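>>> What would the 3D arrangement of this be:
(chains A, B, C and D)
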There are 2 protein chains.
Amino acid sequence: MKIGELAKAAHVEVETIRYYERIGLLPAPSRSPNGYRAYAGGHLERLAFIRHCRALDIALVDVAQLLRFVDDPTTDCAEVDALIDSQLTRVRARLDTLQMLERQLVALRSQCGAPDRAAQCGILHELEAPTRGDVCVCHDEHAQ
Amino acid sequence: MKIGELAKAAHVEVETIRYYERIGLLPAPSRSPNGYRAYAGGHLERLAFIRHCRALDIALVDVAQLLRFVDDPTTDCAEVDALIDSQLTRVRARLDTLQMLERQLVALRSQCGAPDRAAQCGILHELEAPTRGDVCVCHDEHAQ
DNA sequence: GCTTGACCCTGTAGTGGCTACAGGGTGTGT
DNA sequence: ACACACCCTGTAGCCACTACAGGGTCAAGC
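Here you go, the predicted structure:
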């Protein structure tokens, strides 16, 4: 199987495969006489695993660790748990941040109702609030 | 005011200020005879505005646009609205993705209960599901 | 046989928003 | 004089790709 075929089978870009090989995540395959990469079935499995982890926003460094766990069946399962737990923590933290951001933007957006010029713009006025020493609606904990 | 003083006043790194100047977001200040940057009050205001926008995860290219609106008071306010609206849309989209990710990770995490070795690990088993042509718990729409 | 287009190769650079480093200059206190 | 904190410019690195440059290979169509 050539690289384009592997890419299509795994729903990934050819360049991504080369990237994974370069950083050591995917083993380098054998080559055809013309120098083309020649992939066997194991590569698709590994690539599918990697893409599965990436779909869960797992960092490549952690994907590499998970692959090491796969390759060493005697590894303690608790280490796998810990890795997924920390990923879950990361996602939840980012979730919290974004939820706060949404609220802030909604509050800010509400400062502009009627069409006007920028000089009278409530949004810009609020964005300039810290400059004036004022508390803005987007970062005012009491207004939310 | 020297760059370190401005950085402290705006709660930002010195390097970030130099970066903003390099990309044209902050105007270059005058210089002392020894070549040091000499900042006046207007710079702190502009930097505060930039940091305020950044705290709302607004991309620098959009911050630059907002600054142009500030500098041209005749700009139509609707353009400011549109910019904040698109930012809100972006945040909401990312929120959706992360909420889905959280659910997926929770489902995956639930596959491992008791201490074991990696060979029996439910998490790794699920991460390998697509390889076997199976549907994994993290991406199975019916299981959620 | 030639042309064309799709695919392949390696190596490098770019994305966004910083952050860190190298190598050197300036000012102040001891 | 020395040490340390700060300043300067320029460059590189982070993360996970993605795009490009320049060149080679293959197969189908004329």
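
>>> looking just at contacts, which helices and strands does the worst-scoring helix or strand of chain A on mean pLDDT meet?
Each helix and strand of chain A was given a mean pLDDT (mean pLDDT, DSSP states H and E); the minimum falls on helix A:129-132 at a mean of 80. When contacts are defined as 3 or more C-beta pairs under 8 Å, 6 or more residues apart in numbering or on different chains; DSSP states H and E, helix A:129-132 packs onto helix B:41-55. Bear in mind the C-beta positions are built from the backbone N, C-alpha and C, glycine included.

>>> Name the residue of chain A that lies nearest to DNA strand C.
Nearest residue of chain A to DNA strand C: residue A:4, at 2.5 Å (C-beta to the nearest atom of the strand).

>>> give the contact list for that residue.
residue A:14 (C-beta atoms under 8 Å, 6 or more residues apart in numbering or on different chains).

>>> Please apply the same query to residue A:12.
Counted by C-beta under 8 Å, 6+ apart, residue A:12 has contacts A:47, A:51.

>>> could you pull out the helices for chain A?
A:3-10, A:14-22, A:41-55, A:60-71, A:77-109, A:122-127, A:129-132 (DSSP state H).

>>> what ranges of chain A fall below the confidence cut-off?
A:114-116, A:118, A:142-144 (pLDDT under 70).

>>> hmm, try it at 80
A:73, A:112-120, A:130-133, A:140-144 (pLDDT under 80).

>>> who in it is up against DNA strand D?
By the rule C-beta under 7 Å from any atom of the strand, the part of chain A lying against DNA strand D is A:12-13, A:15-16, A:18-19, A:33-35, A:54, A:59-61.

>>> Dump stretch A:80-93 to CSV, restricted to CA.
Extracted in CSV, the C-alpha atoms of stretch A:80-93 (Å, rounded to 0.1, in the frame of the first residue of the first chain):
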residue,chain,number,x,y,z
VAL,A,80,-3.7,4.5,31.2
ASP,A,81,-6.4,5.6,33.6
ALA,A,82,-4.3,8.5,34.8
LEU,A,83,-3.6,9.7,31.3
ILE,A,84,-7.3,9.7,30.4
ASP,A,85,-8.1,11.4,33.7
SER,A,86,-5.7,14.2,33.1
GLN,A,87,-7.0,14.7,29.6
LEU,A,88,-10.5,14.8,31.0
THR,A,89,-9.3,17.4,33.6
ARG,A,90,-7.8,19.5,30.8
VAL,A,91,-11.0,19.4,28.7
ARG,A,92,-13.1,20.4,31.7
ALA,A,93,-10.8,23.3,32.6
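
>>> Give me the domain ranges for chain A.
Split into domains by the TED database, chain A comes to A:3-75, A:84-132.

>>> contacting residues around residue A:124?
By C-beta under 8 Å, 6+ apart, the residues touching residue A:124 are A:118, B:66, B:69-70, B:80.

>>> about what we covered before: need the domains of chain A in a markdown table with distance to residue B:85, can you?
Shown next, in a markdown table, are the domains of chain A (distance: least, C-beta to C-beta, whole Å):
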| stretch | distance to residue B:85 |
| --- | --- |
| domain A:3-75 | 26 |
| domain A:84-132 | 7 |
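
>>> Just tell me which of these ends up closest to residue B:131.
Closest to residue B:131 of those is domain A:3-75 (C-beta to C-beta; 4.4 Å).

>>> got the end-to-end distance for that closest one?
This stretch, domain A:3-75, spans 32 Å end to end (C-alpha to C-alpha, to the nearest Å).
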